[in-house]
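Undergrad: okay, here's the prediction I keep looking at, along with the sequence it came from:
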Amino acid sequence: MDLPRRSLIKPKTTSPFKIDFDWWKNNDRNWRVYLRGFLCDEHQAMFENLENNETIDWVDPKTAEINQVDGLFHILITHCAKQDDFLNSHMTLVDSVFRILLSNGNHPLTPEELGDKLNRQPTMILRTLSGPRVYKGIRPVIDG
Amino acid sequence: MVFVEIELSEDYWKSLEINQSDIEFLYAFLLEKETPLMSSDLAQALIKERIRLEKAALQKKQDQNGEIYLPKLVFNPGDKIQFPALNWLSGVVKETHTGNNPEYPMLQVMTVDLENGQTRQFASNLEEHALNEVSAIADNLDDEGEQELIKKFGGAITKILEEKLVEKKDIIRIGDKWFPKSLLIDFNVGHLNLAEAVLDMHDGGPLSVDALLEQIDVQSDDPEELIHFSFNYALQEDPRFDEVGPSGVLQWFLNRLEPQPVREKPLQLLFTPIEYDLSLLDKDMLNAEQKIDDELVAFNPEFTRKIPTDRVSIVLNYPHWRVGSIPLTALTRPFFPTALESPRVKFSLIDNQKRQISAWVVRPYNYIYGLRDWYEDLELMPGSIITIKRGKNLGEVFIEPQKKRSNREWIRTLLIGADGGVVFALLKQNITADFNERMAIAIPSVEVLDELWQKRANNPMPFNKSLINTMKELAKLNPQGHVHSIELYSALNCIRRCPPGLVFSTLASNPEFTAVGDLYYRLSDQS
């Protein structure tokens, strides 16, 4: 049976998108510096002395068990991206989508879901994200 | 040691099974209390006992497995610890080092070899963590927590416990209380003979054990509640006495003085089962069936009637009118007292003249008995509508005929010829209460009809023949020969007991009947 070639599959408003951090690694060596800019004021100060790619001892809130996690990414997703002022209406569409995906723990969202959150047309979000240029590593999720 | 943390999950209580140890505990609990207790009291005692046992088991585990882990404490290599949040897994601290977390600068990380073979890391010297607060939970379980559990699971556990206790022969139940059989006070046959005499003097009863014991000299230093419980048990075990009180009230009646229709179903209400297929009924028939007040109709929630919650009006059919009863249906049942176990409940109805009518709820046969004189006094007839209302006080039930100015109206009247044949004629009759036109039938000669029932009881006519004969007679009253299904049901019940579903399914399936619309039928040409 002939399967469609993945690269030719055209995303739809129901196709899921997420931030592809491999894309960042390949396209911007300072991507962690960029991410650090998203930390809230409290954690900006707290993580001042932390190396960009340093792991931290994360404490499980239920059992107090220790796990080593990517400190910057973890605190960004679990705390800073959940703050009320993480999103505002003055941001560009791409910035807003990037921040929504971070606040969603980078779990994939479709243009329809993003449109609901941003009060923007899903078709416009789809047109922006599915063009030839990749913005901030936001790409469709390809199954398999 | 800091505390014993006990956190029995919801699943623990939801899936609770009562075992032999629980029964032995309850037995001992009742012995200690020396008084019969309600199921809910026993369930409460059981919950408390289970908590006590779990606490003791955890305390033992704690004693064996070392310090309980709190993130705020500091441990050293070689220390033995147990982890409540990991289902009390224990382990030995292997090494400790300074943690790396900008949020907790003082954090220490310890590596622990657990008893299950795993090696995992845990926080120490950490003040801000929920696990440091668990001692408060443990304290709560002594009082508020226990009450919370009883409130939340007490009802369900009471039910499970009752099911289990019923199986036990050495613990007995009277009303809603339990006590070990072997510890009951012994009442001898002399006491029971006296109780019979007292009840006899009161026309059979009903009387409570309080009233009975007042007149029987019983010498005992035992708690009064135990004396009552034991005497109730002795009465229950003697076939001369019937418990006839509503739920929560124990009242005794002499079996031999109970009215015959309370103990045995009267002939007029006795339906000899004939199988019929309800799937033959169309929606209109099912709807009509559910609107008929007949205890032989199985309740179908799809055709629920909308009625006010404080009253219900019912139409009498001939069998109930003749016996002096009211059918217990899904609609009428909530208005009358009921009981947990007693098959018969004695109570009083109050009519619109404030007269008290002594009546019985006959639970096995689904009717209320005791209204024959009342129906006669008010000159009601089959088809009359009566209203049943809840009183303001618990257990009070009011009854009244639906009002109508007395007058004379043309009513289908059942007559019995000299040859014993049944005919229907339209005759003017005195009307004293509102009635349902399809159900109304005047019966001028009740005694003659009684004889016919008696005769046919010994020599029953096939159902189809009865139906066709009745249809033929009713058809004579209408120029087109059309008969409504409900009229046919009502008329047929004047000469034999049958549910509406049987009449309707026969009409729908027997080619001798032809439907002419709106639940009207005529006899087919070949009949």
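TA: Now that the structure is in, tell me what you want to look at. As the structure is a computational prediction, the values presented were derived from the model and not from experiment.
Undergrad: which residues of the stretch 1-150 of chain B fall in strands?
TA: B:37-38, B:67-68, B:80-83, B:89-98, B:108-114, B:119-124 (DSSP state E, counting those that start in this stretch).
Undergrad: same question for the first one, mean pLDDT?
TA: Which is strand B:37-38. Mean pLDDT, strand B:37-38: 87.
Undergrad: which elements pack onto that strand?
TA: strand B:177-180 (3 or more CB pairs under 8 Å, 6 or more residues apart in numbering or on different chains; DSSP states H and E). From N, CA and C alone the C-beta is placed, and that goes for glycine too.
Undergrad: list the buried residues for whichever helix or strand comes after the strand it packs on?
TA: Counting by DSSP states H and E, the element after strand B:177-180 in chain order, helix or strand, is helix B:189-201. Residues of helix B:189-201 classed as buried under the neighbour-count rule (16 or more other CB atoms under 10 Å in any protein chain shown) are B:H191, B:L192, B:L194, B:A195, B:E196, B:V198, B:L199.
Undergrad: so for the closest residue to B:H97 other than its chain neighbours, what's the pLDDT?
TA: With sequence-adjacent residues excluded and distances taken as CB to CB, 6 or more residues apart in numbering or on different chains, B:H97 is closest to B:V109, at 5.6 Å. pLDDT, B:V109: 95.
Undergrad: can you give me the mean pLDDT across the longest helix anywhere in chain A?
TA: The longest helix of chain A (DSSP state H) is helix A:93-103. In this model, helix A:93-103 carries a mean pLDDT of 91.
Undergrad: so what secondary structure elements neighbour it?
TA: Using 3+ CB pairs under 8 Å, 6+ apart: helix A:93-103 touches strand A:17-19, helix A:71-78, helix A:111-118, helix A:122-129, strand A:138-140.
Undergrad: after the first one comes which helix or strand?
TA: Under the assignment DSSP H and E, the closest C-terminal helix or strand after strand A:17-19 is helix A:21-27.
Undergrad: for B:V503, which residues are in contact?
TA: B:L467, B:S485, B:L488, B:Y489, B:L492 (CB atoms under 8 Å, 6 or more residues apart in numbering or on different chains).
Undergrad: which ones are touching B:F335?
TA: B:F335 neighbours (CB under 8 Å, 6+ apart): B:V312, B:I388, B:K389, B:R390, B:V397.
Undergrad: swap that for B:I399, please
TA: B:I399 makes contact with B:L349, B:I350, B:D351, B:I357, B:L371, B:W374, B:I386, B:T387, B:I388, B:K389, according to CB under 8 Å, 6+ apart.
Undergrad: before we move on, the earlier item: what's in contact with the longest helix of chain A?
TA: For helix A:93-103, contacts defined as CB under 8 Å, 6+ apart pick out A:17-19, A:38, A:76-77, A:81-82, A:86-87, A:91, A:107, A:109, A:114, A:117-118, A:120, A:124-125, A:128-129, A:135-136, A:138.
Undergrad: the helices in the stretch 101-250 of chain B, which residues?
TA: Under the criterion DSSP state H, counting those that start in this stretch, the stretch 101-250 of chain B contains helices at B:134-140, B:144-167, B:189-201, B:209-215, B:224-237.
Undergrad: my guess is A:Y135 meets A:T92, correct?
TA: No - A:Y135 is beyond contact range of A:T92, at 9.3 Å (criterion: CB atoms under 8 Å).
Undergrad: which of these two has more neighbours?
TA: More crowded of A:Y135 and A:T92, by other CB atoms under 10 Å in any protein chain shown: A:Y135, with 15 against 10.
Undergrad: which stretches of the stretch 101-250 of chain B have low pLDDT?
TA: B:134-145, B:247-248 (pLDDT under 70).
Undergrad: next one: the residue of it found nearest chain A from A:T63, what distance?
TA: Residue nearest to chain A within the stretch 101-250 of chain B: B:Q121 (3.9 Å; CB to the nearest CB). Separation of B:Q121 from A:T63 (CB to CB, to the nearest Å): 11 Å.
Undergrad: any buried residues in the least confident helix or strand in chain A by mean pLDDT, and which?
TA: Lowest on mean pLDDT, DSSP states H and E among the helices and strands of chain A sits helix A:31-36, with a mean of 82. Within helix A:31-36, the residues scored as buried using 16+ other CB under 10 Å are A:W31, A:R32, A:L35, A:R36.
Undergrad: who does it touch, helix- and strand-wise?
TA: Partner elements for helix A:31-36 (3+ CB pairs under 8 Å, 6+ apart): helix A:21-27, helix A:71-78.
Undergrad: after that helix, which helix or strand is next? Please name it.
TA: Taking DSSP H and E, what comes next after helix A:31-36 is helix A:41-46.
Undergrad: what pLDDT, on average, does that following helix get?
TA: Helix A:41-46 comes out at a mean pLDDT of 84.
Undergrad: who's in contact with it?
TA: So helix A:41-46 is contacted by A:R36, A:I75, A:L76, A:H79, A:C80, B:P102, B:E103 (CB under 8 Å, 6+ apart).
Undergrad: how far is whichever helix or strand comes after it from where the chain is centred?
TA: Sequence order places strand A:55-59 as the next helix or strand after helix A:41-46, per DSSP H and E. Centroid separation for strand A:55-59 versus its chain: 21 Å, with CA atoms, centre = their mean, to the nearest Å.
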